[in-house]
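> Just the structure for this:
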Amino acid sequence: MKIKNMTYPNNHGLTLIETTISLLVLVFGILSLMLLYTSGIRGTIKAQAVTQQVNRASAQIEEIITADYNALKDENNDNKFYTGTSNTLLCPKAYDTNKADYDYCKKEGVLQTFWNVRDDTPIPNTKKVQIIVKLDNKAASAVVYEYTKPFHL
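Predicted coordinates:
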């Protein structure tokens, strides 16, 4: 029995152009996955920062809830709240009587916590407390909570 020599048409293999195009498609796919991975990491870091801010604001609210009603005072007598337009909220190194945006301030690591007190707001014998937690000096990333503390007899 004799075996025939089988030949295939166009058995020249891949051309250089076909190989280059397939490599470009592969590189483009890998770069797209890398960009997707880095944007996911950035989102995770931002979510972690917001979580830290929310946790700090919640802890501050708990401290205010347990605080004595008369201990919460409008220290700068401005009866105003932070509106989010000021980028100058910074914890002073010493007590600053000219501060206009907050009554109290704490700095813990990269977090700065401010809170304002408004007397007799929204009704008499209550104090409304606004808590602002920021990362360093980034006004856009501020977390703001408000709590109304009633006067208990």
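> Could you use CA atoms for every contact and neighbour count after this?
OK.
> Can you list the low-confidence ranges for the chain?
Applying pLDDT under 70 to the chain flags residues 1-13, 76-102, 137-140, 153.
> Go again with 80.
Within the chain, the segments meeting pLDDT under 80 span 1-14, 73-105, 109-110, 135-141, 152-153.
> Please report the number of neighbouring residues for the closest residue to residue 126 other than its chain neighbours.
Once flanking residues are discounted, residue 126 sits nearest to residue 150: 4.4 Å by C-alpha to C-alpha, 6 or more residues apart in numbering. If you count neighbours by other C-alpha atoms under 10 Å, residue 150 ends up with 16.
> what sits against residue 150?
69, 125-127 (C-alpha atoms under 8 Å, 6 or more residues apart in numbering).
> what about 10 Å?
When contacts are counted by C-alpha atoms under 10 Å, 6 or more residues apart in numbering, residue 150 touches 65, 69, 120-121, 123-128.
> Look up how far residue 24 lies from residue 17.
11 Å (C-alpha to C-alpha, to the nearest Å).
> Can you point out the helix or strand that includes the residue positioned nearest the centre of the chain?
Residue closest to the average C-alpha location in the chain (C-alpha atoms, centre = their mean): residue 50, at 3.4 Å. Per DSSP states H and E, residue 50 falls inside helix 16-66.
> That helix - contacts with which helices or strands?
Counting contacts by 3 or more C-alpha pairs under 10 Å, 6 or more residues apart in numbering; DSSP states H and E, helix 16-66 packs against strand 111-119, strand 126-135, strand 143-150.
> give me that answer again for 6 Å
Applying 3 or more C-alpha pairs under 6 Å, 6 or more residues apart in numbering; DSSP states H and E, we find helix 16-66 packed against no helix or strand.
> related to what we said a few turns ago, when residue 17 and residue 24 are compared, which one has more neighbours?
The neighbour comparison of residue 17 against residue 24 (other C-alpha under 10 Å) goes to residue 24, with 12 against 9.
> who touches that one in this structure?
If you count contacts by C-alpha atoms under 6 Å, 6 or more residues apart in numbering, residue 24 has none.
> measure it to residue 51 for me?
41 Å.
> now residue 38
Distance from residue 38 to residue 51, by C-alpha to C-alpha: 20 Å.
> Same check on residue 124?
34 Å.
> Who has more neighbours out of those two?
Taking other C-alpha under 10 Å, residue 124 and residue 51 do not tie; residue 51 has more neighbours (13 against 10).
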